[in-house]
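Student: Provided below for reference: sequence and predicted model.
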Amino acid sequence: MTDQIKHHLDDALLMGYAAGSLPEAFNLVIAAHLSMCDECRARAQSFDALGGAVLDRNTQSAMDEGSFAATLERIKSGTTPADAFAAAPRVSTGGTLPAPVQDYVGGDLDAVKWRPLGMGVKQAILPSSKEASVRLLYIPAGAAMPDHGHHGTELTLVLKGAFHDEADRFAAGDIEIADEADNHTPIADIGEDCICLAATDAPLKFNGFLPRLLQPFFRI
Amino acid sequence: MQRIRDARDEAAFAAVFAHFAPRVKGFLINSGADAGMAEECAQEVMTTLWNKAHMFDPARASLATWIFTIARNRRIDALRKQRRPEPEDLPWGNEPEPPQDEVLGLQQESAQLATALAQLPEKQRALVERAYFADLTHSEIAAETGLPLGTIKSRLRLALDRLRHAMT
């Protein structure tokens, strides 16, 4: 898969993911891309390494008195709620959805609860913190998403199939980073239905009258 | 770290604790935690280090990097009440015992990176540190420092270019 990926994450997003300063919705799209792209995975590890270097030269805050003994006590008592924060290696399930997305869906593609958006396009909003939203989109072969622009940043990762817009073509594993300057009409390739994972930190602005009318209902 | 993992050596753990616990605590305070919460989280991070020592892979990350990722994930949970989605593992996975030259190579790279970071111009380094510590996006850093977003972005880009250059 990696060799075919043409559109990658940028430094700002990788750094934000490493620093932990991005909304949960963006973290999910980035984790999904990293599950498909070895190149960005390696870059993400460098940003973790930079975090390690920053931590190592950071100003220290003296630990409280008896802190080490208290920590040994924590270890012996076995109450360690933080153990989950050492990320365990995630094994690929071999499904259509990368493992981090499956965590949010509660299963692979057959577990997704799709809601129709009209013209055969379907979406499923995944639960995440409120600063940004993330959804799975299903665009039938040859169909178009409504023409839209963006107020904030929108990340779109292709999980299956491919789409193109005015500027470029995006196939499985590719990520499109769109911001306020971009206005586009994504169209799925004719050969195959397209499934994307998309996150946005502001509502999209639709250029046609009808989609804008329906926007509050669809929470796009 | 090997002595912590294999021999469960408390003296080795004490040495790692003395070096890293105050740094983790400082990291959490810089990120907006109060002293009490930072102390507790730092103790938890060190507890996790002991309990999960078998998961530390020296061919993949330096000890500082591994501790940073645990502290970061702890911070996301404590300050934002969120979980952090992690990617799937690489298909070829971990070797049970990493080859020694890979471990050495990574140690050298980590030392090189630390030197390169120390040699960055003050303004660039401060911004890199802020981006990691303050739990702020680049736009939020712009709002807080009063610098235009474009300046933040170009300074960070310059810093990353320098770091990359130093690493090649």
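Tutor: Ah, there it is.
Student: For B:Gly26, grab the count of nearby residues.
Tutor: Applying the criterion other CB atoms under 10 Å in any protein chain shown, we find 19 residues in the vicinity of B:Gly26. The way it works is simple: take the backbone N, C-alpha and C, and place the C-beta from them, glycine included.
Student: number of nearby residues for A:Val91?
Tutor: Using other CB under 10 Å, A:Val91 has 11 neighbouring residues.
Student: What's the per-residue pLDDT of the closest residue to it other than its chain neighbours here?
Tutor: Once flanking residues are discounted, A:Val91 sits nearest to B:Asp89: 6.1 Å by CB to CB, 6 or more residues apart in numbering or on different chains. Listed pLDDT for B:Asp89 reads 73.
Student: from what I can see B:Asp89 touches A:Pro98, true?
Tutor: No. Applying CB atoms under 8 Å, one finds B:Asp89 not in contact with A:Pro98, separated by 11.0 Å.
Student: wait, is the residue nearest to A:Val91 part of a helix?
Tutor: No. B:Asp89 is assigned coil when assessed by DSSP: H, G, I helix; E, B strand; the rest coil, not a helix.
Student: element containing the residue in chain B positioned nearest to chain A, please.
Tutor: Per CB to the nearest CB, B:Thr65 is where chain B lies closest to chain A, at 3.1 Å. In this assignment (DSSP states H and E), B:Thr65 forms part of helix B:63-80.
Student: and that helix, what does it pack onto?
Tutor: Helices and strands touching helix B:63-80, by 3 or more CB pairs under 8 Å, 6 or more residues apart in numbering or on different chains; DSSP states H and E, are helix A:38-56, helix B:10-30, helix B:35-51.
Student: Okay, buried residues for stretch A:162-176 please.
Tutor: A:Ala162, A:Phe163, A:His164, A:Asp165, A:Phe170, A:Ala171, A:Ala172, A:Gly173, A:Asp174, A:Ile175, A:Glu176 (16 or more other CB atoms under 10 Å in any protein chain shown).
Student: For the fifth one, give me the pLDDT.
Tutor: Looking at A:Phe170, its pLDDT is 96.
Student: Repeat that for the fourth one.
Tutor: pLDDT recorded at A:Asp165 is 86.
Student: and if you look at the last one?
Tutor: Reported pLDDT at A:Glu176 in the predicted model: 93.
Student: Correct me if wrong: it contacts A:His8.
Tutor: No. Between A:Glu176 and A:His8 there is no contact under CB under 8 Å: 10.7 Å.
Student: by contact count, what packs against the helix or strand of chain B with the lowest mean pLDDT?
Tutor: Here the helix or strand of chain B ranked lowest by mean pLDDT, DSSP states H and E is helix B:138-145, holding a mean of 82. In terms of contacts (3+ CB pairs under 8 Å, 6+ apart), helix B:138-145 is packed against helix B:122-133, helix B:149-167.
Student: now with 7 Å?
Tutor: Using 3 or more CB pairs under 7 Å, 6 or more residues apart in numbering or on different chains; DSSP states H and E, the elements in contact with helix B:138-145 are helix B:149-167.
Student: Would you mark the buried spots in the helix it packs on?
Tutor: For helix B:149-167, by 16+ other CB under 10 Å, it's B:Ile152, B:Lys153, B:Arg155, B:Leu156, B:Ala159, B:Leu160, B:Arg162, B:Leu163.
Student: out of those, which touch chain A?
Tutor: B:Leu160 (CB under 7 Å from any CB of the partner chain).
Student: can I get the buried residues of helix B:149-167 in CSV with pLDDT?
Tutor: As requested, the buried residues of helix B:149-167 are exported to CSV (pLDDT from 0 to 100):
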residue, pLDDT
B:Ile152, 87
B:Lys153, 88
B:Arg155, 90
B:Leu156, 90
B:Ala159, 92
B:Leu160, 91
B:Arg162, 92
B:Leu163, 92
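Student: Of the buried residues of helix B:149-167, which is the nearest to A:Ala18?
Tutor: B:Leu160 (11.9 Å; CB to CB).
Student: So the residue most central in space within chain B versus A:His150, what's the distance?
Tutor: Geometric centre of chain B, nearest residue: B:Phe68, 2.7 Å, by CA atoms, centre = their mean. In this structure, B:Phe68 and A:His150 are 32 Å apart, going by CB to CB, to the nearest Å.
Student: Report the spatially nearest residue to the residue in chain A that chain B sits nearest to, omitting neighbours in sequence.
Tutor: Closest residue of chain A to chain B, CB to the nearest CB: A:Gly52 (3.1 Å). Spatial nearest neighbour of A:Gly52, chain neighbours left out: B:Thr65 (3.1 Å); criterion: CB to CB, 6+ apart.
Student: residues touching the one you found, list them.
Tutor: Contacts of B:Thr65 were listed using CB atoms under 7 Å, 6 or more residues apart in numbering or on different chains, and they are A:Asp48, A:Ala49, A:Gly51, A:Gly52.
Student: want to try a markdown table for those residues, with neighbour count as columns?
Tutor: Putting these into a markdown table (neighbours: other CB atoms under 10 Å in any protein chain shown) gives the following:
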| residue | neighbour count |
| --- | --- |
| A:Asp48 | 21 |
| A:Ala49 | 22 |
| A:Gly51 | 26 |
| A:Gly52 | 24 |
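Student: can you redo those residues as JSON lines with pLDDT and distance to A:Gly107?
Tutor: What follows is those, written out as JSON lines (pLDDT from 0 to 100; distance: CB to CB, whole Å):
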{"residue": "A:Asp48", "pLDDT": "94", "distance to A:Gly107": "29"}
{"residue": "A:Ala49", "pLDDT": "93", "distance to A:Gly107": "34"}
{"residue": "A:Gly51", "pLDDT": "95", "distance to A:Gly107": "33"}
{"residue": "A:Gly52", "pLDDT": "95", "distance to A:Gly107": "35"}
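Student: returning to that earlier point: state whether the residue nearest to A:Val91 and A:Arg90 are indeed in contact, as I suppose.
Tutor: Yes. Between B:Asp89 and A:Arg90 there is a contact at 5.0 Å, judged by CB atoms under 7 Å.
Student: I am finished for the moment; much appreciated.
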